[in-house]
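Novice: The sequence and its predicted three-dimensional model are supplied below.
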Amino acid sequence: MAVIQQPADQRFAEAREQITVTSPLTGQAIGQVPVFTREDVEAAARRARAAQPAWEAMGAKERARLLGRWWDTIWNNRSVVMQHIRRETGKNETGAFLEVFATDLLIGYYCNNAVRLLRPQNRKAIVPIKHHARVYYKPVGVVGAITPWNYPLLNAFCDLLAALFAGNTVLLKPSEVTPFTALYVVETMYQAGIPKDVIQVLTGDGRTGSEVVEVVDFVSFTGSTAVGRKIATRCAERLIGSTMEMGGKDAMLILNDADLELAASGTLVGALENSGQACVSTERVYVEDGIYDRYIERLKYYAGQIKQNGEAGMDVHVGSLTNERELLRAEEFIADAVAKGAKVLHGGQRRPDLGPLFFEPTILVNVNHDMRLMREETFGPLIPIMRVKDVDEAIRLANDSPYGLSGSIFSNNLKRAEHIATRIQSGDVSINSTKVVFGNVTVPMGGVKNSGIGRRNGPEGLLRFVEPQSILIDNRLFSKPNLTLFDPFLVNSAILLRALRRWIPFLRV
Ligand code: NAD
């Protein structure tokens, strides 16, 4: 692909400060994007606000039809968007496919369910027959989506698509590290007939992001806990809603009765997808004493099979890191752990022969919670493994973290594993697999503790972008003019109803 020249947007006539985007695979420039200013963001918000009523009036069914038809064109040409993703992030081809596939599942889910979920709902009224209660779901208005670089398709679009299905217009601030995937995808939306002001991409860095927070009615943020905390604070001051999808330190528990092959290979998948640069990456592994030695042997075997390079092909297991920051942090964490007694069992080195930001998948043992790699988010290909005496110790250590995003358990006793899962403080847990919750778009995904507020996917992920409006209709049966809320008739009815509710289920609310 050639260097991308971002076409000058006629709506931004003046020259803007530019950000140069580089490819992690080569270190070469891919292109430049402007840093949108406060005036640009305010102008975009005005256009988004003006466009929103027509988008809402189109109705959920028609919006779903339009978004579904648009997505079909992306799916049919997915190799193009996968090239954009790989070029900006350096991830392997299966990683790029995962982004397209998970987005496809999400769009399919909302195409099939958004109309039903957004339909006005009848609720039981306190005074039956006389009163009718209904809840309408109205879009919040203009949604700001502020997104990270690690999944420039999936993490940029999975939240904002729900906002669009719900009838909102959107200002998307993609990461300054990976803006071109978003620009490409939104361009295809315009080509498919989605009006230009319904979704606008505002490129730039944190300065542009903070301006977006000032002008929207709701913020959907995905990124680091440090930035999320600032944005959530500002949203609270502005009294607008927000959801925060932030960092993680996901624990994996491997129990004595686990299938060794699944557990060992699953550890590598959990920790190394996108070179560990996933919010739901496995960052800590706790292995029960009885299986530990055999598990380590199988883990080393599978680690030896890993193919790492920057080439295309579905058989490449691990690609490059995306930023130098992640590479330096991985090295710092290894040095800190080794200085405190950890041992590197596999990897531990840069691979400049493959590209400037390649780092080997690295397995560490003899680790403990005094080490940074067991407490802080690594966001790199490190797999620290800790031997534990039993399940209770594993659960205690798993919960000994300020984060609570995701987690996983390997065990052949599914019922027991499910019960153990409920004792883990996280937004989701996968059993005998990792990260599958994200792709199961019917269930909510999000974090507890410092990992987040709110949920994406499922009904919850759609309904966060609407304001419920309750409408109560009194059909005037037995109504008479009166000067207090309770006239004698209502007082007597209320007393009678309370007594009857005990015996007549129909009257209960
Ligand atoms: P980041 O917080 O540095 O940046 C995220 C976005 O926020 C970027 O678009 C950035 O320009 C913008 N931003 C930065 N400062 C801002 C400010 N003051 N106001 C408004 N916007 C601002 O995160 P990152 O480095 O891009 O992504 C990595 C982090 O994201 C990791 O911590 C990872 O765990 C997290 N993440 C979480 C999830 C999840 O679903 N929970 C998913 C992916 C990534």
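Specialist: Yes, it's here.
Novice: Around the ligand, pick out the residues from the stretch 201-350 of the chain.
Specialist: Residues of the stretch 201-350 of the chain found near the ligand (C-beta under 6 Å from any ligand atom) are 205-206, 209-210, 213, 222-224, 227, 230-231, 245-248, 279. Where you see a C-beta, it was placed from the backbone N, CA and C, and this is true even at glycine.
Novice: tell me which of those residues is nearest to Lys389?
Specialist: Nearest to Lys389, judged by C-beta to C-beta, of these is Gly248 at 25.6 Å.
Novice: and the gap between the closest one and Phe489?
Specialist: With the distance defined as C-beta to C-beta, to the nearest Å, Gly248 ends up 58 Å from Phe489.
Novice: Next, please give the residue ranges for the helices of the stretch 151-300 of the chain.
Specialist: For the stretch 151-300 of the chain, applying DSSP state H, counting those that start in this stretch gives helices covering 154-165, 179-191, 206-215, 225-238, 260-272, 289-303.
Novice: correction: the stretch 301-450 of the chain
Specialist: Listed in chain order, the helices of the stretch 301-450 of the chain (DSSP H, counting those that start in this stretch) span residues 324-339, 391-399, 414-422, 436-439.
Novice: list the buried ones in the last one?
Specialist: Buried residues in helix 436-439, counting neighbours by 16 or more other C-beta atoms under 10 Å, are found at 437-438.
Novice: Name the SS class of the closest residue to the ligand within the stretch 51-200 of the chain, please.
Specialist: Evaluated by C-beta to the nearest ligand atom, the stretch 51-200 of the chain has Pro148 as its residue closest to the ligand, separated by 3.1 Å. Three-state call for Pro148 (DSSP: H, G, I helix; E, B strand; the rest coil): coil.
Novice: could you dump the helices of the stretch 301-450 of the chain to a markdown table with mean pLDDT?
Specialist: Putting those into a markdown table (pLDDT from 0 to 100) gives the following:
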| stretch | mean pLDDT |
| --- | --- |
| helix 324-339 | 98 |
| helix 391-399 | 98 |
| helix 414-422 | 98 |
| helix 436-439 | 81 |
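Novice: To Tyr110, which of the ones you listed lies closest?
Specialist: Taking C-beta to C-beta as the criterion, Tyr110 comes closest to helix 436-439 out of these, the separation being 14.6 Å.
Novice: quick one: contacts of that closest one?
Specialist: 101-102, 105, 280, 406, 428-430, 443, 445, 457 (C-beta atoms under 8 Å, 6 or more residues apart in numbering).
Novice: Buried among these? Need that as a selection in ChimeraX.
Specialist: Only the buried members of those end up in this ChimeraX selection, burial being decided by 16+ other C-beta under 10 Å:
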select :102,105,280,406,428,429,430,445,457
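Novice: So which of the contacts of helix 436-439 belong to strands?
Specialist: Secondary structure from DSSP state E places Ser430 of the contacts of helix 436-439 in strands.
Novice: among the contacts of helix 436-439, which two are most distant?
Specialist: Within those (distances taken as C-beta to C-beta), the two that end up farthest apart are Phe101 and Val429, at 21.9 Å.
Novice: Residue of the stretch 151-300 of the chain nearest the ligand, please.
Specialist: Across the stretch 151-300 of the chain, the shortest distance to the ligand (C-beta to the nearest ligand atom) belongs to Gly209, at 2.2 Å.
Novice: Check whether that residue really touches Pro174, as I assumed.
Specialist: No: at 9.8 Å, Gly209 does not count as touching Pro174 under the criterion of C-beta atoms under 8 Å.
Novice: what about the two, which has more around it?
Specialist: A count of neighbours by other C-beta atoms under 10 Å puts Pro174 above the other of Gly209 and Pro174, at 30 against 25.
Novice: Grab the nearest non-local neighbour of the more buried one.
Specialist: The spatially closest residue to Pro174, leaving aside those adjacent along the chain, is Ala182, at 3.8 Å (C-beta to C-beta, 6 or more residues apart in numbering).
Novice: what residues are up against the one you found?
Specialist: Each residue near Ala182 by C-beta under 8 Å, 6+ apart is listed here: 147, 152, 156-157, 172, 174, 201.
Novice: Do you know the pLDDT at Ala13?
Specialist: Note on Ala13: pLDDT of 43.
Novice: Make 47 the starting number, not 1.
Specialist: With the count now opening at 47, the last piece we talked about shows up as Ala59.
Novice: residues contacting the spatially closest residue to Leu443 that is not a sequence neighbour?
Specialist: If you skip the residues right next to it in sequence, Leu443 has Tyr332 as its closest partner in space, 5.6 Å away by C-beta to C-beta, 6+ apart. Tyr332 is in contact with 297-300, 432, 434, 439-440, 443-444, counting by C-beta under 8 Å, 6+ apart.
Novice: shouldn't Ala310 be in contact with Gln351?
Specialist: No: under the criterion of C-beta under 8 Å, Ala310 lies out of contact with Gln351, with a separation of 10.7 Å.
Novice: Which one of those two is surrounded by more residues?
Specialist: A count of neighbours by other C-beta under 10 Å puts Ala310 above the other of Ala310 and Gln351, at 22 against 9.
Novice: Name the nearest residue to the more buried one, sequence neighbours excluded.
Specialist: For Ala310, the nearest residue in space outside its immediate sequence neighbours is Arg344; the separation is 3.7 Å by C-beta to C-beta, 6+ apart.
Novice: Now the nearest residue to Pro194 once chain neighbours are set aside, what are its backbone angles?
Specialist: For Pro194, ignoring the flanking residues on the chain, the nearest one in space by C-beta to C-beta, 6+ apart is Gly269 at 4.5 Å. For Gly269, the backbone dihedrals are phi 170, psi -150 (criterion: degrees, to the nearest 10).
Novice: Run a quick neighbour tally on Gly269.
Specialist: 22.
Novice: what about Gly294 and Phe535, which has more around it?
Specialist: Ranked by neighbour count (other C-beta under 10 Å), Gly294 and Phe535 place Gly294 first, with 28 against 12.
Novice: Please give me every residue in contact with the more buried one.
Specialist: Contacts of Gly294 by C-beta under 8 Å, 6+ apart are 325-327, 329, 423, 449-452, 493, 497.
Novice: any idea of the pLDDT on it?
Specialist: Gly294 is assigned 98 on the pLDDT scale.
Novice: low-scoring stretches of the stretch 397-546 of the chain, by residue?
Specialist: When residues are selected by pLDDT under 70, none of them lie in the stretch 397-546 of the chain.
Novice: the strands in it, which residues?
Specialist: With DSSP state E, counting those that start in this stretch, the ranges of strands along the stretch 397-546 of the chain come out as 408-411, 428-434, 449-450, 453-456, 476-477, 494-495, 498-499, 512-520.
Novice: which other helices and strands contact the helix ranked longest in the chain?
Specialist: With residue count as the measure and DSSP state H as the assignment, the chain has helix 139-164 as its longest helix. On a contact count with 3 or more C-beta pairs under 8 Å, 6 or more residues apart in numbering; DSSP states H and E, helix 139-164 meets helix 106-122, helix 124-135, helix 200-211, helix 482-485, helix 504-509.
Novice: now the ones you listed as JSON lines including distance to the ligand?
Specialist: Compiled in JSON lines, those are given as follows (distance: least, C-beta to the nearest ligand atom, whole Å):
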{"stretch": "helix 106-122", "distance to the ligand": "21"}
{"stretch": "helix 124-135", "distance to the ligand": "11"}
{"stretch": "helix 200-211", "distance to the ligand": "5"}
{"stretch": "helix 482-485", "distance to the ligand": "8"}
{"stretch": "helix 504-509", "distance to the ligand": "11"}
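Novice: deepest of the ones you listed, which one?
Specialist: Counting by mean count of other C-beta atoms under 10 Å, helix 200-211 has the highest mean neighbour count of these, with a mean of 26.
Novice: export it as CSV, just CAs?
Specialist: Taking only C-alpha atoms (Å, rounded to 0.1, in the frame of the first residue of the first chain), the coordinates of helix 200-211 have been written out as CSV:
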residue,chain,number,x,y,z
LEU,A,200,-13.0,-3.6,16.8
ASN,A,201,-12.4,-1.3,19.7
ALA,A,202,-13.1,1.8,17.6
PHE,A,203,-16.4,0.5,16.2
CYS,A,204,-18.0,-2.0,18.6
ASP,A,205,-19.3,0.8,20.9
LEU,A,206,-20.1,3.4,18.4
LEU,A,207,-22.0,1.0,16.2
ALA,A,208,-24.4,0.3,19.1
ALA,A,209,-24.8,4.1,19.4
LEU,A,210,-25.7,4.4,15.7
PHE,A,211,-28.2,1.5,15.9
